[in-house]
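# A predicted structure for the sequence below; I have some questions about it.
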Amino acid sequence: MVIIYIVVAFAFCLLLASWFFTQHIDKKIEKSFRPPGQFSNVQQEKIHYTKQGDGPTLILIHGLSGNALNFTALANQLAKHYTVYSIDRPGSGFSTRHRNTSADFNVQSAAILDWMSQLNIHEAFVAGHSMGGAIALRMALDAPDRIKSISLLCPLTVPLTKGPGPLSVLYIPYQGLRSIISSTLAAPLRIFLGKKQVAQIFFPERVPSNFGSESGGALALHSESFYQASCDMVASTESLYKQFEHYDKISCPVGILYGEQDAILSPDAHMSYIAASLPNSMAEVIPNAGHMIINTQPEACFNFINKVNGVNAQSKRS
């Protein structure tokens, strides 16, 4: 009996210490990152976005556990030809999502479409990375008259048959457990395993030295980011079952670009279903590239997006 008390006391002390450590990390992140853009109130939430450039409207939607800063290098190139909006999805980056608000993709799609209406964006090109690709597909189904094209960059398109590598740890289906883990154990474990996990996500390419700071990678260490990303992960399967059999109804141009050696999402699985559903879609593969092509291959992404959009523009090297 004494041993049980000792174990319980040790577990409690561990969780308490982890909670204090997480609070410390959260405060450091909040001091290091300030919202670089603007906010719009949408459905009792705050949606954060940045705007740059001039030309046709292009909206960039980031992936799981990401944020708008992930697009920094690519957005800078695109802004030479477009009015680029890089948006933090609900619950990601600096955007809010109340804990009683669903993370289903149709809800996220509706929020982004409402945000577009608030900014008087009547129609736009859309590019989505990873889970952002799934949201872009949902938007094309929900508002076909407002989405001019969708460029899918290493996208999630169909229900997963296996976990997405190191991101699988985000699958925590019980809200109470998700809340406890996010506020205690998540930050210490992510800091301890962070470099290895990020390297797996970027494999086979190197992680850019500025990914944590300029590209917002370190924001994923925040406890709220972990919690909301887990909500996204849990919602993804049911959301995809609701939409993937309807892709043949999408009428706008669609392009899908993958890194050949993506270790997070299978290029074959996610590209083949789009090709079967949308025979006129465009598909390309970048040799020797991985999942984070928006960071490692911005020029290839730039040229591909222009091709999908029918824009005759070549990447300009600085």
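Cool, the structure landed. Numbering: from 1, shown residues only.

# List the buried residues of stretch 46-56.
For stretch 46-56, the neighbour count (16 or more other CB atoms under 10 Å) marks 47-50, 53 as buried. Quick note: C-beta positions are derived from backbone N, CA and C, even for glycine.

# Give me the contact list for that stretch.
Stretch 46-56 has contacts (CB atoms under 8 Å, 6 or more residues apart in numbering) with 35-41, 68, 75-76, 78-88, 90, 93-96, 111-112, 115, 124-125, 148, 309, 311.

# In helices only, show me those residues.
Within the contacts of stretch 46-56, residues falling in helices by DSSP state H are 75-76, 78, 111-112, 115, 309.

# For stretch 259-269, measure first residue to last.
Terminal residues of stretch 259-269 are spaced 13 Å apart (CA to CA, to the nearest Å).

# contacts for that stretch?
By CB under 8 Å, 6+ apart, stretch 259-269 touches 130, 154-156, 158, 160-161, 164-165, 167, 200-201, 203-205, 258, 285-293, 297.

# Drop anything exposed from those.
For the contacts of stretch 259-269, a burial check counting by 16+ other CB under 10 Å picks out 130, 154-156, 158, 160, 164-165, 167, 200-201, 203, 205, 258, 286, 289-293, 297.

# re earlier: and the contacts of stretch 46-56, which of them are buried?
The neighbour count (16+ other CB under 10 Å) marks 37, 40, 68, 75, 78-88, 90, 93-96, 111-112, 115, 124-125, 148, 309, 311 as buried among these.

# rewinding a little: out of the buried residues of stretch 46-56, which two sit at the greatest distance?
By the measure CB to CB, Ile47 and Gly53 form the most distant pair in the buried residues of stretch 46-56, at 19.3 Å.

# Show the low-confidence segments of the stretch 151-300 of the chain, by residue range.
Nowhere does the stretch 151-300 of the chain drop to pLDDT under 70.

# pLDDT on the longest strand anywhere in the chain, on average?
For the chain, the longest strand by residue count, based on DSSP state E, is strand 45-53. Mean per-residue pLDDT for strand 45-53: 96.

# packing partners for whichever helix or strand comes after that strand?
Using DSSP states H and E, the next helix or strand after strand 45-53 towards the C-terminus is strand 57-61. Strand 57-61 is packed against helix 72-78, strand 83-87, helix 105-118, strand 124-129, helix 131-142, with contacts defined by 3 or more CB pairs under 8 Å, 6 or more residues apart in numbering; DSSP states H and E.

# Of the buried residues of stretch 46-56, just say which sits nearest to Ile181.
Nearest to Ile181 among those: His48, at 25.1 Å, using CB to CB.

# who's the closest one bridged to?
Residues in a beta bridge with His48, per DSSP bridges, are Phe39.

# The chain should start at 39 in everything you say after this.
Right, with 39 as the first residue, what we last looked at is His86.

# I'd like to know how far it sits from His167.
17 Å (CB to CB, to the nearest Å).

# Over to Thr222?
In terms of CB to CB, Thr222 sits 30 Å off from His167.

# quick one: which of these two has more around it?
His167 (29 against 20; other CB atoms under 10 Å).

# Now do the contacts for the more buried one.
So His167 contacts 98-101, 104, 108-109, 191-193, 331-332 (CB under 8 Å, 6+ apart).

# and the closest residue to Gly250 other than its chain neighbours, helix, strand or coil?
Using CB to CB, 6 or more residues apart in numbering and skipping the chain neighbours, the partner closest in space to Gly250 is Ala256 (4.3 Å). When classified by DSSP: H, G, I helix; E, B strand; the rest coil, Ala256 comes out as helix.

# Tell me how many other residues crowd Ala256.
The number of residues packed near Ala256 is 18, by other CB under 10 Å.

# separation between it and Lys66?
From Ala256 to Lys66 the distance is 9 Å (CB to CB).

# Same check on Pro325?
39 Å.

# before we move on, back to that, I'd like the contacts of His167 as JSON lines, with distance to Ile218 appended.
Below are those laid out as JSON lines (distance: CB to CB, whole Å):
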{"residue": "Leu98", "distance to Ile218": "33"}
{"residue": "Ile99", "distance to Ile218": "30"}
{"residue": "His100", "distance to Ile218": "26"}
{"residue": "Gly101", "distance to Ile218": "25"}
{"residue": "Gly104", "distance to Ile218": "24"}
{"residue": "Asn108", "distance to Ile218": "28"}
{"residue": "Phe109", "distance to Ile218": "32"}
{"residue": "Leu191", "distance to Ile218": "34"}
{"residue": "Cys192", "distance to Ile218": "32"}
{"residue": "Pro193", "distance to Ile218": "32"}
{"residue": "Ile331", "distance to Ile218": "35"}
{"residue": "Ile332", "distance to Ile218": "32"}
